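Engineer: Below: sequence and its predicted model.
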Amino acid sequence: MERFVYPFSAIVGQDKMKLALVLNAIHPAIGGVLIRGEKGTGKSTAVRALARLLPEQTVVADCPYHCDPDATEALCSDCQDRLARGETLPRARRRMRVVELPINASEDRVVGAIDIEAAIKSGERRFEPGVLAEANRNILYVDEVNLLDDHLVDVLLDAAAMGVNVVEREGISIWHPARFILVGTMNPEEGDLRPQLLDRFGLTVDVEGIKDISQRVLIVERREEWESDPAGFSQQFADQDAEIGTRIAEAIVRFPGVVMPVGILRALAELNVSLQVDGHRADLVGRKAAQALAAYRGIPEVGVAEVNEVADMVLAHRVKAGGRHELGIAQSHPSASRASRS
Amino acid sequence: MPFELTLPFSAIVGQEQMKRALMLNAVDPGIGGVLIRGDRGTAKSSAVRALARLLPDYQAVEGCPYRCDPATPSHYCDDCRRRAKSGPLPVTRLPMRIVELPINASEDRLVGSIDIEAAVRAGTRRFQPGVLAEANRNLLYVDEVNLLDDHLVDVLLDAAAMGVNVVEREGISIVHPSQFILVGTMNPEEGELRPQLLDRFGLCVDVVTPTDIDQRLHVMELERDFLQDPRAVHRVWAGREAELRAQLQAATARLDGVQLPDAIRTLIARLCLDGLVAGHRADLVVAGTARAICALRGAPVVELPDVVEALELALAHRRREPVADKPSQVQELASRAAEQLAQIQATTPNETAQAVRGEATQQEGASGGEANEGWTTAESRESPSTEAVDVDADAVIQLPTFAVKKLDLPRERQARRAAGKRTTTKSETKRGRYVRSSQAEKVTDVAFDATVRAAAPYQRSRRLATADPTNQLRLETHDLRQKVRERKTGNLIVFVVDASASMDAEQRMLATKGAILSLLRHAYVRRDKVALVAFSGRNARVVLRPTSSVDLAERRLERLNIGGTTPLTHGLMTALKLIKTERLRDPRVYPLLVLISDGRGNISLFGEEPLLEAQRMAGQIKQDGIRAMVIDSTRDFGSQPGYPKSRVTSLYGAYAFNVCGDLAERLGGRYYGLFDLSQRSIVDSVQREMLRTGSA
């Protein structure tokens, strides 16, 4: 058993942030979350806590990229070669990890570099996987993503968008899968991210310190309790955590079966056109997030309510500055009501 | 790149012109590639990667790392030349591939370098081919090409221009062919492309997000299906893909037989000469593209609509003047082409038959021959707008912004005390991106890979000398290589804005905000940092700390209130302090102070005559080596710049002379009228300021 992690269900408030994280856990293709807000609002606690709730996954035991032996189309070239040679890939079960990218990381550590030891000892040209390799099928957590070197952010988001890391450096030429749930945090006071990079994050949530006095007291109380007796505290929330974990696991199974009526999709597209959002990402992410929400809630068909609930997470960072728009579809929207009738 | 990770080409919804440009390149690689510019998230990269499955096969020498073409012995690599002497070369068929150059690439991988493994283990000096070798006779794809390191761009351009890659490094001396179709994608909001590189691309298409709801629905559904089961999507589209592949193959086969009538040839030359496009490459590209269009259409002779479509594709990035309104431009082009053709016909009657046929097709063009497809879609599309401003409905957004042309600043040769996108400098600290290596007297930041490569050629001799049989690497001090790093951060532009009541007149503030906005947008593309100091009433305040966020700056600017007196000195003082603080934090900061005011300072800071104080402060700023420029908000359309030449101006009787002009002189900076900005001289002004190293 690893060291104790603060239980997810013990986090007070911040429901939007928790929901955004859960939706990504259900359907990683949503494309991650950017959490904007002050320090000390439970951002990293929530991310770490979430990882503990996620269902275990099957991996190729000795693959540095933790390939999924069942998803043969997304295997790394090594695993593919092994399959082609007729080997059976050794399997293992493991929990999803939170891989951290520190802001002082160098490019070679992020994308990977030549293995110095192998080169010196035996003159071998071997690839030493970097953070992106480690992050495959995990959660990649970047604290203060806005302070990261511009160039690193480019590299990071490029890999995130393609799901592949292509390396052409230091005598190494290789590609490997790099699909991860990207979670970034930033404090907007310290500078913004370029719109191009913002757009690559599936969702954003803005968090602020809780203003409610009784909740604030509760936070302090829980924290104290946790610090004095982590084991007992975890035990206290074990059932609630387990329940969320089960709901997520069920939602993952349910997700593909959730119906997304064409009327709703149309309303979503119309909304994004009217807001003049560049590109298709808002459409695509909106669809996935609403569907994941419905799966989480156990609703068989996505309705206006689900779309509207995720709308500000999807659109907040994609609508141009200065806009004060209604981020959502009106209940009275013709295509939406047509959908609910049919 | 694994097969299943990209969409089928034919499944991509809409973006006909982009798909067409890519297909034309597959038909005739000689066209010279394509640059795709556009909004984020418009399937640019997906389309390029999907093209891989449609590319043709070609004949190649078996076992040659460069896949030499057996049919052209003159282009053989050294190895093939040698092998060819001892009999005919074995031939094989290979599919054309997409080779990717990621933006994290380092120089040694691009050009190729010594094979470390072979050198250390066996002591042989062998060449490990790089991306340029891989790319020979293939398609070289650079995503976010505008973010590619300048040095890599140089290498790429060299190879593209000569069709060969010359390697002289680490004891390796080799020349190998490197002819490739260059395909790049970029988002213009992120920065410009160097003109030389721009010209390398045969064609250029601009893509915008479709606003058609049905198209967007298709995209959403397609993505859902693809995420759920990529293989099923491929199965569904397999038939269409095969069809398209066959169509492309047939067109490639037909290409040699396609005729280019003399009248059309003359037409192309004339249209290019007309000044529509710059450079000679255009003629060739247009002719080649027109032939490919014709081949794809299945016709034997190039006709007018083919040329018009080709012109449109080859023209977008070669124009000397940017066009705002594309559809009408295309129409104008079409009619001009028809006119010209008629003229040519009149002078050369024997060509009439073909030309007439061309004109006929043009008239029934609306009914949509295949060749017209791209043309008509382009007309119905919205023109891509570079100024996002016009679109938005909110307050600031209605401010007029001016097109600010790009600044071409010379690249730095030596490490110096300024880092910035426009002044990319080699950085002395261990920060920044490792781009290449060099030999240094004192190595502080070891470039490990380069060090190993430098040592590699001597491994055998050193092993013999020590009589140690293991494969351990033997390094000596002189093998050590230093990392050369480049950092790209921006310059710091500090706007010092007069927000006093006098700025209220004649919509001065509106124009001022407009001017700042234009500069801000520009600064963003260049990754400059901007800061905003406003002064009014009794003091000056920093409205915006140095930031690279245009959004933030816009919001602050929107909220800027005007009214009160004019504490000019306070403004200058605050800006000076701000710059000094930034300098402490990062000595590489390269500041430019832009003062926008009517110059009528009337609040004293030190109890002296306000104007005198402002003049002193200006002198101080100049002494600190801060570059500055002054924009006079009282100047309007009628009056020309150029301030009084009288060098010694009276300090009193302040309003009798040009206060701003005087301040500019004392700051050692330039002077401009606010309304000159709209006449585009702002471009030259900022450029000039950035070029000056400061008078101190």
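Structural biologist: Done, it's in.

Engineer: From here on, just use CA atoms for contacts and neighbour counts.
Structural biologist: Will do.

Engineer: which one is A:Asp143 nearest to, not counting chain neighbours?
Structural biologist: Leaving out its chain neighbours, the residue that sits closest to A:Asp143 by Cα to Cα, 6 or more residues apart in numbering or on different chains is A:Thr185, at 5.0 Å.

Engineer: Just give me the longest helix of the chain.
Structural biologist: Looking at chain A here, since you left the chain open. helix A:230-254 (DSSP state H).

Engineer: my bad, chain B
Structural biologist: helix B:230-255.

Engineer: Just list what the very next helix or strand once past that one packs against, helices and strands only.
Structural biologist: Downstream of helix B:230-255, the first helix or strand assigned by DSSP states H and E is helix B:262-271. Using 3 or more Cα pairs under 8 Å, 6 or more residues apart in numbering or on different chains; DSSP states H and E as the contact test, the elements touching helix B:262-271 are helix B:281-297, helix B:304-315, helix B:326-347.

Engineer: Using TSV, lay out these together with distance to chain A and mean pLDDT.
Structural biologist: Output for the helices and strands packed on helix B:262-271, formatted as TSV (distance: least, Cα to the nearest Cα, whole Å; pLDDT from 0 to 100):
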stretch	distance to chain A	mean pLDDT
helix B:281-297	29	88
helix B:304-315	22	85
helix B:326-347	19	71
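
Engineer: Between the ones you listed, which one is closest to A:Leu140.
Structural biologist: Closest to A:Leu140 of the helices and strands packed on helix B:262-271, according to Cα to Cα: helix B:304-315, at 41.1 Å.

Engineer: Can I get the closest one in CSV, CA atoms only?
Structural biologist: Presented in CSV, the C-alpha positions along helix B:304-315 are these (Å, rounded to 0.1, in the frame of the first residue of the first chain):
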residue,chain,number,x,y,z
LEU,B,304,-8.7,28.2,-68.5
PRO,B,305,-10.5,27.1,-65.4
ASP,B,306,-7.5,24.8,-64.5
VAL,B,307,-5.3,27.8,-64.7
VAL,B,308,-7.6,29.9,-62.6
GLU,B,309,-7.8,27.3,-59.9
ALA,B,310,-4.0,26.8,-60.0
LEU,B,311,-3.4,30.5,-59.7
GLU,B,312,-5.6,30.7,-56.7
LEU,B,313,-3.7,27.9,-54.9
ALA,B,314,-0.3,29.2,-55.9
LEU,B,315,-1.0,32.8,-55.2
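
Engineer: Would you tell me which residues of the stretch 151-300 of chain B are close to chain A?
Structural biologist: Within the stretch 151-300 of chain B, the positions near chain A by Cα under 8 Å from any Cα of the partner chain are B:190, B:208-209, B:211, B:213-214, B:216-217, B:219-220, B:223, B:227-228.

Engineer: of these, buried ones?
Structural biologist: With neighbours counted by 16 or more other Cα atoms under 10 Å in any protein chain shown, these contain buried members at B:Glu190, B:Val208, B:Thr209, B:Thr211, B:Ile213, B:Arg216, B:Leu217, B:Val219, B:Met220, B:Glu223.

Engineer: Turn these into TSV, including distance to B:Leu576 and secondary structure.
Structural biologist: Converted to TSV, those look like this (distance: Cα to Cα, whole Å; DSSP: H, G, I helix; E, B strand; the rest coil):
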residue	distance to B:Leu576	secondary structure
B:Glu190	30	helix
B:Val208	43	coil
B:Thr209	44	coil
B:Thr211	48	coil
B:Ile213	52	helix
B:Arg216	51	helix
B:Leu217	54	helix
B:Val219	53	helix
B:Met220	52	helix
B:Glu223	53	helix
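
Engineer: Please name whichever of these scores lowest on pLDDT.
Structural biologist: Lowest pLDDT among those: B:Glu190, with 71.

Engineer: which bits of the stretch 1-150 of chain A sit near chain B?
Structural biologist: Counting by Cα under 8 Å from any Cα, the stretch 1-150 of chain A sits next to chain B at A:29, A:73-74, A:107, A:114, A:116, A:119-125, A:149.

Engineer: go with 10 Å
Structural biologist: Residues of the stretch 1-150 of chain A lying near chain B by Cα under 10 Å from any Cα of the partner chain: A:29, A:72-77, A:80, A:104, A:106-108, A:111, A:113-116, A:118-126, A:149-150.

Engineer: Make a ChimeraX selection of the buried ones in the residues you listed.
Structural biologist: Entered in ChimeraX, the line below selects the buried ones among the residues of the stretch 1-150 of chain A next to chain B, by 16+ other Cα under 10 Å:
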select /A:29,73,74,75,76,80,106,107,108,111,113,114,115,116,118,119,120,123,124,125,126,149,150
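
Engineer: quick one: which of the residues of the stretch 1-150 of chain A next to chain B sit in strands?
Structural biologist: Judged by DSSP state E, these include A:Ala113, A:Ile114 as members of strands.

Engineer: Just the residues of the stretch 1-150 of chain A next to chain B: which are in helices?
Structural biologist: Of these, the ones assigned to helices by DSSP H are A:Ser77, A:Gln80, A:Glu107, A:Asp108, A:Val111, A:Ile116, A:Ala118, A:Ala119, A:Ile120, A:Lys121, A:Ser122, A:Asp150.

Engineer: Does the first one touch A:Trp175 like I think?
Structural biologist: Yes. The pair A:Ser77 and A:Trp175 qualifies as a contact (Cα atoms under 10 Å) at a distance of 7.8 Å.
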